[in-house]
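**Q** Structure, please.
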Amino acid sequence: MSSRRDPGASPARPALRSAKLMALPVAYAGRQAAGAGRRALGRPAREVNRDIQNRTAEHIFAVLGELKGCAAKLGQLLAVYQLALPRDIAAPYQAALARLQDSAPVMLPPTVHAVLADNLGPDWRDLFQEFDDRRAAAASIGQVHRGVWHDGREVAVKVMYPGARAAVESDLVQLRRISTLASVFLPGADVKSVTEALCEGVRAELDYAGEAENQRAFADEYRGSTEFYVPEVLEQRGDVLISEWLHGTAATRIVSSGSREQRDRVGELMMRFVLTGWERHGFLYCDPHPGNLWLLPDGRLGVVDFGACAPWPHPGFTELTVQMCDAILNGGPAALESAVRTHGFALPGRDFDPVALDSALAACGEPVRHERFRLTTPWLRKQVLRITNPRLNNVMRELTLPPGCTPFARAALTMVGTLSQLESECDYGAELVRSVPELAEVFTTMRRGSEPGVPAN
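**A** You can find the predicted model right below:
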C-alpha cells in the first residue's frame with residue numbers, strides 16, 4: 001500500500017537531497033561534452049551553447065524548487081543576482097530562477113493545520129476570527145497565510161515546512177563539500193571560514209523565536225517613524241510566527257511597473273533602513289530584497305522577514321569602512337594595498353597586484369562621486385563582470401572576505417541588486433555619511449581632488 005507525500009513537505013532524506021544537489025555539476029559537465037560533439041558535427045556554436053544554458057537553467061530550477069530548504073534560498077538569491085549576467089547568457093537563468101521565487105510546492109491544508117496544532121495547540125482556531133487555508137505567499141522554508149486575529153487585527157501567519165530543519169542541515173553539509181571547489185576560482189580566499197559564516201547565517205533563519213525577537217526590536221526602534229514601518233509580532237510559538245498584515249504596494253510590483261517617484265522612494269528608504277541600524281540599535285538587516293519590502297499608502301517603507309539579521313557592527317567596522325573607502329576613492333595603489341592587508345582582505349603571505357586592484361575597484365566608487373546617481377542593471381552587470389572575470393590574471397582571485405564581514409557582504413550585495421532592479425536615483429554619498437559621519441571627510445577630499453587644478457591631498 002503506497003501513500004502520497006504532501007507536496008508541501010520538504011524532502012528530508014539526506015541521501016536523496018545530496019544526490020540531487022551533486023547531480024547539478026555532473027549533468028552540466030555531461031551537457032558540455034555532448035555539446036562539444038554536436039559542434040564537431042557542424043551545429044552552430046551559439047545554438048549549442050544556448051541549448052546548454054536553457055537545459056541547465058531548467059534543471060537548476062527543478063532541483064532547487066523541489067529541495068526547498070537553503071537550496072531554495074540560494075535560488076532566490078540567484079534570481080536577484082542573475083541580473084548581473086550579460087543579457088544573452090542571463091535570459092534562460094532569469095526565466096527559470098525568477099519562477100523559483102513563487103514556485104515552492106504548496107502545503108496542503110491538512111499539513112498546515114497539523115503544524116498549527118502542534119505549535120499553537122489543538123484549539124488553535126480559537127485564536128483566530130478567520131484563517132485562510134490558501135497560501136498568500138511562499139517563503140524559502142515555509143509559507144504565509146492570511147488571517148484575522150482574535151482581537152480583529154489582520155495578520156500574516158508564517159508556517160515552517162515540516163522537515164525543513166533536517167532538509168537545511170542536509171543542504172549545509174553539501175554546501176560545505178561543494179564549497180571546496182571555490183578554491184579553484186578563488187585561490188586566495190579563505191573559503192572554509194567564509195562558508196562557515198554563511199552556514200551560520202542560513203541556520204539562524206530556522207529560528208522563528210530569534211526572528212520574532214529581531215522583529216520586535218526593529219518594531220520598537222521604528223515605532224512612530226515617518227519613514228519606516230515594521231509589523232508588530234502578535235505571537236510566536238515553535239515553527240509558527242504571527243505578525244500584523246501589511247497593506248501597501250510590493251516592491252516586486254514597483255520593480256516591474258512602478259513610477260519613477262516610487263522607485264526612488266523605495267530605493268532611498270531601503271538603503272537608509274539597512275544603514276541606520278548601524279547607529280540606532282547595533283543590528284544589521286541582511287535581506288533587503290524586493291520580496292521583503294512594501295511601499296505603504298502614507299509613503300513609509302514597510303519591511304518584513306527578520307530571520308536574517310546580525311549584530312552590527314563588528315569591532316572596528318567603522319575604521320574598516322573609512323579606510324577602505326578612502327583608499328579606493330583617494331589613496332591610490334599603495335594606500336589600497338595597505339588597507340586590504342590591514343583589514344584581512346588578503347591572506348598573510350598572499351601576493352596581489354595593487355595597481356590592478358586599484359583599477360578594478362575604481363569604477364565601483366562611481367555612485368558616490370556624484371551628488372545623485374542612478375543605479376541600473378547594465379551598470380551593475382559591468383561591475384560584476386569586471387570583478388568576476390575568470391581570467392587567471394584577475395586580481396580579485398587573490399583576495400578573500402574576512403568572515404566577520406559576511407553578513408555585511410550579503411546585505412550590501414542584495415541592497416545593490418535591489419537598487420539596480422528599481423533603477424533608483426539617490427545621493428548615495430549622503431546616505432552613507434548619515435550613518436558613518438567619518439566618511440564626510442573622505443568624500444570631501446574626493447570631490448576636491450576631482451576639481452580641475454586642485455590636488456587631492
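**Q** outside of the host helix or strand of residue 319, which residues touch it?
**A** If you go by DSSP states H and E, residue 319 is part of helix 317-326. Residues outside helix 317-326 that contact it (CB atoms under 8 Å, 6 or more residues apart in numbering): 335, 339-340, 342-343, 365, 405, 408, 436, 438-439, 442, 445. Any C-beta I mention is one placed from the backbone N, CA and C, and that applies to glycine too.
**Q** Report the secondary structure state of residue 302.
**A** Counting by DSSP: H, G, I helix; E, B strand; the rest coil, the backbone at residue 302 sits in strand.
**Q** In contact with it, which residues?
**A** Contacts of residue 302 by CB under 8 Å, 6+ apart are 228-231, 246, 248, 293-296.
**Q** hey, where'd the strands end up in the protein?
**A** Applying DSSP state E to the chain gives strands spanning 128-139, 142-149, 154-160, 228-229, 233-237, 240-244, 249-250, 283-285, 293-295, 301-303, 309-311, 373-374, 425-426.
**Q** Pick out the shakiest of the ones you listed, pLDDT-wise.
**A** Mean pLDDT is lowest for strand 309-311 among the strands of the chain, at a mean of 86.
**Q** What pairs with that strand, parallel or antiparallel?
**A** Sheet partners assigned to strand 309-311 using DSSP bridges are listed as strand 283-285 (antiparallel).
**Q** which residues sit against the strand it pairs with?
**A** Strand 283-285 is contacted by residues 214, 217-218, 273-274, 277-278, 303, 306, 308-313, 407-408, 411 when judged by CB under 8 Å, 6+ apart.
**Q** Okay, buried residues for stretch 346-362 please.
**A** Neighbour-count burial for stretch 346-362 flags 346, 352, 354, 357-358, 360-361 (criterion: 16 or more other CB atoms under 10 Å).
**Q** Likewise for stretch 108-128?
**A** 108, 111-113, 115-116, 119-120, 124, 127-128.
**Q** which residues touch residue 197?
**A** Contact analysis of residue 197 by CB under 8 Å, 6+ apart lists 403-404, 406-407.
**Q** any idea how far it lies from residue 393?
**A** 28 Å (CB to CB, to the nearest Å).
**Q** ok, now residue 163?
**A** For residue 163, the distance to residue 393 - CB to CB - is 46 Å.
**Q** Those two: who's more crowded?
**A** Set residue 163 next to residue 393 and count neighbours by other CB atoms under 10 Å: residue 163 wins out with 17 against 9.
**Q** Between the contacts of helix 317-326, identify the one with the most neighbours.
**A** residue 442 (25 neighbours).
**Q** In space, what's closest to it - neighbours in sequence excluded?
**A** Closest residue to residue 442 apart from its sequence neighbours, by CB to CB, 6 or more residues apart in numbering: residue 326 at 4.7 Å.
**Q** try residue 164
**A** Using CB to CB, 6+ apart, the closest residue to residue 164 is residue 141 (4.3 Å).
**Q** Need the pLDDT of the one you found.
**A** 80.
**Q** Can you tell me how far it is from residue 239?
**A** As judged by CB to CB, residue 141 and residue 239 stand 9 Å apart.
**Q** hang on, isn't residue 364 packed against residue 380?
**A** No. Under the criterion of CB atoms under 8 Å, residue 364 is not in contact with residue 380, lying 10.2 Å apart.
**Q** Comparing these two, which residue is more hemmed in?
**A** The neighbour count for residue 364 versus residue 380, taken as other CB under 10 Å, is higher for residue 380 (19 against 14).
**Q** show me the contacts for the nearest residue to residue 415 once chain neighbours are set aside.
**A** Here the nearest residue to residue 415 in space, its sequence neighbours aside, is residue 288; by CB to CB, 6+ apart that works out to 5.0 Å. By CB under 8 Å, 6+ apart, residue 288 lies in contact with 270, 273-274, 303, 411, 414-415, 418.
**Q** Now list the buried members of the residues you listed.
**A** The neighbour count (16+ other CB under 10 Å) marks 270, 273-274, 303, 411, 414-415, 418 as buried among the contacts of residue 288.
**Q** Which ones among the residues you listed map onto helices?
**A** Assignment to helices by DSSP state H places the following of the buried ones among the contacts of residue 288 there: 270, 273-274, 411, 414-415, 418.
**Q** What distance do you get for residue 192 to residue 124?
**A** As judged by CB to CB, residue 192 and residue 124 stand 43 Å apart.
**Q** now do residue 116
**A** In this view, residue 116 and residue 124 are 5 Å apart by CB to CB.
**Q** before we move on, what about residue 285?
**A** Distance from residue 285 to residue 124, by CB to CB: 30 Å.
**Q** what's the answer for residue 301, then?
**A** For residue 301, the distance to residue 124 (CB to CB) stands at 32 Å.
**Q** same check, this time on residue 448
**A** Taken as CB to CB, the span from residue 448 to residue 124 is 64 Å.
**Q** out of the contacts of strand 283-285, which are buried?
**A** 214, 217-218, 273-274, 277-278, 303, 306, 308-310, 312-313, 407-408, 411.
**Q** and residue 18, what pLDDT?
**A** Residue 18 is given a pLDDT of 48.
**Q** same thing with residue 7?
**A** On the pLDDT scale, residue 7 gets 46.
**Q** For residue 163, give me the backbone phi and psi.
**A** Backbone dihedrals for residue 163, given as degrees, to the nearest 10, come out at phi 80, psi 0.
**Q** Can you give me the neighbour number for residue 223?
**A** So residue 223, with other CB under 10 Å, has 11 neighbours.
**Q** next one: the one 5 residues further on
**A** Counted with other CB under 10 Å, the neighbours of residue 228 add up to 20.
**Q** from memory it sits against residue 303, does it?
**A** Yes. Between residue 228 and residue 303 there is a contact under CB under 8 Å: 6.6 Å.
**Q** Overlap of the contact sets of the two?
**A** Contacts common to residue 228 and residue 303, judged by CB under 8 Å, 6+ apart, are residue 273.
**Q** Any regions of the stretch 151-300 of the chain where pLDDT drops low?
**A** By pLDDT under 70, the weakly predicted segments of the stretch 151-300 of the chain are 174-175, 177-187.
**Q** Swap in 80 and give it another go.
**A** Along the stretch 151-300 of the chain, segments meeting pLDDT under 80 span 167-191, 194-195, 198-199, 201-202, 277-281.
**Q** you'd agree residue 119 is up against residue 241?
**A** No. Assessed by CB under 8 Å, residue 119 is found out of contact with residue 241, at 9.7 Å.
**Q** Please report how far the closest residue in space to residue 363 that isn't next to it in sequence lies from residue 128.
**A** Spatially, and ignoring its direct neighbours in sequence, residue 363 is nearest to residue 383 (6.2 Å; CB to CB, 6+ apart). In this view, residue 383 and residue 128 are 48 Å apart by CB to CB.
**Q** Noted, bye for now.
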